[in-house]
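Undergrad: here are the coordinates; sequence isn't available:
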């Protein structure tokens with residue numbers, strides 16, 4: 001009976017197992033074998049490792065799908081480029097006045113912008129060396145259309161300082177929100193200062209005269225035995241300056257003569273033709289006299305020979321110097337000779353003709369004498385050039401060697417012209433007894 005019950009129960013369990021969806025070991029196996037089944041799956045589980053590897057190999061295929069959304073928002077580079085692009089930065093360019101320009105009471109400002117300022121208006125102001133505002137005003141931008149940059153032009157009026165000094169011209173845009181400066185451009189300028197009271201008479205250069213280098217400077221009425229500064233300032237800010245000693249005459253008046261020229265071993269700095277400013281100033285910079293001159297371009301000049309001498313007055317030294325183009329070229333060459341050689345020239349060239357220092361101290365000097373030798377008249381007839389000089393030529397002081405050198409300088413300077421074969425020297429129209437040892 002017990003055996004039959006056992007067989008019946010076993011059959012029932014088999015029927016239940018056959019209806020299940022879960023895999024079970026075959027019913028015919030002994031129980032010992034059924035319990036050993038997991039042991040056999042250990043080696044079969046080893047081959048399942050490749051299945052695990054395959055699953056892991058699919059992980060990289062998921063990485064791009066996860067990296068795409070991660071990297072997409074992290075692309076600020078394209079959007080950040082326009083912020084630093086030069087095309088969007090605001091700039092102001094000042095084309096006038098030039099750096100170093102001399103300003104008196106008004107200044108015309110010109111330039112361009114690459115942006116549209118608020119209400120198409122920039123601001124301009126002039127400051128002194130201490131940063132004090134001397135004057136300010138609006139500068140209108142003439143843009144072709146709203147929102148665009150364009151040229152600007154305007155005039156500022158300011159109160160000049162008491163003394164000449166370096167100042168600053170500022171052009172800027174202010175914020176409509178809080179008045180702060182958004183963008184600014186500066187240019188250094190020279191503030192002329194209130195004209196100083198001076199008894200100095202500037203005889204050369206005259207106002208608005210055409211000039212070349214060397215620039216001849218001549219003045220009178222300065223304090224005795226002083227030293228003044230001669231300064232030529234070009235429109236591009238280049239400055240040529242030189243200290244000019246003052247000599248005192250028998251009349252107690254101070255005189256000064258100089259010939260400004262670049263004396264450098266290298267090429268001189270570039271300088272533009274056109275308006276330039278000459279200033280005569282105290283050694284501390286206080287301007288005494290100021291005139292505007294016209295610097296000639298090279299194509300408006302010509303070269304001439306001018307004969308000088310060495311310190312021992314034994315030989316001639318010939319320079320080629322530029323003068324303004326003129327049909328009276330021989331007279332112009334003689335005037336260059338009378339002006340004297342360029343100060344501090346490397347060749348050591350001097351002149352045997354009387355200098356201002358000699359003329360004003362000459363014992364025979366009369367009240368109607370000047371302080372330079374001048375050319376009264378030059379005529380060239382039938383190959384004979386007659387040069388008539390002022391009475392100041394008598395201050396040469398004598399001496400055979402000096403007299404001979406004066407004649408050689410004048411003759412060599414004139415004989416460069418084919419029309420001149422002979423030279424006659426006169427003083428105040430007299431040729432007899434002049435330039436005697």
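TA: Yep, that arrived. Keep in mind that what you see is a predicted model, and the values were worked out from it rather than measured. Residues are numbered from 1 along each chain as shown.
Undergrad: what comes into contact with stretch 142-158?
TA: With Cβ atoms under 8 Å, 6 or more residues apart in numbering as the test, stretch 142-158 has contacts from 103, 105-116, 120, 122, 124-126, 134-141, 169, 171. (Glycine included, C-beta is placed from N, CA and C.)
Undergrad: And that stretch, how far out from the chain middle?
TA: Centroid separation for stretch 142-158 versus its chain: 23 Å, with Cα atoms, centre = their mean, to the nearest Å.
Undergrad: Show the average pLDDT along it.
TA: Taken as a whole, stretch 142-158 has a mean pLDDT of 85.
Undergrad: Repeat that for stretch 199-212.
TA: Throughout stretch 199-212, pLDDT has a mean value of 93.
Undergrad: which of the residues in it are buried?
TA: By neighbour count on 16 or more other Cβ atoms under 10 Å, the buried set for stretch 199-212 is 200, 202-205, 211-212.
Undergrad: In strands, which of these appear?
TA: Residues of the buried residues of stretch 199-212 located in strands (DSSP state E): 202-204, 211.
Undergrad: Going by distance to residue 176, which of these wins?
TA: For those, the closest approach to residue 176 (Cβ to Cβ) belongs to residue 211, at 48.9 Å.
Undergrad: So which residues of the stretch 51-200 of the chain form helices?
TA: Under the criterion DSSP state H, counting those that start in this stretch, the stretch 51-200 of the chain contains helices at 77-84.
Undergrad: can you list the domain ranges for this structure.
TA: Listed domain ranges for the chain are 86-191, 201-296, 299-427 (source: automatic domain parsing).
Undergrad: what's the least confident stretch among these?
TA: Among the domains of the chain, domain 86-191 carries the lowest mean pLDDT (a mean of 88).
Undergrad: now that domain: how far from the chain's centre is it?
TA: Distance of domain 86-191 from its chain centroid, counting by Cα atoms, centre = their mean, is 18 Å.
Undergrad: From residue 101, how far off is the closest residue in space to residue 269 that isn't next to it in sequence?
TA: Leaving out its chain neighbours, the residue that sits closest to residue 269 by Cβ to Cβ, 6 or more residues apart in numbering is residue 238, at 5.2 Å. According to Cβ to Cβ, to the nearest Å, residue 238 and residue 101 sit 12 Å apart.
Undergrad: more crowded one of those two?
TA: Using other Cβ atoms under 10 Å as the criterion, residue 238 and residue 101 rank with residue 101 on top: 20 against 17.
Undergrad: so residue 401 sits in a strand?
TA: No - Residue 401: not assigned to a strand; according to DSSP: H, G, I helix; E, B strand; the rest coil it is helix.
Undergrad: List the contacts of it.
TA: Neighbour list for residue 401: 313-314 [criterion: Cβ under 8 Å, 6+ apart].
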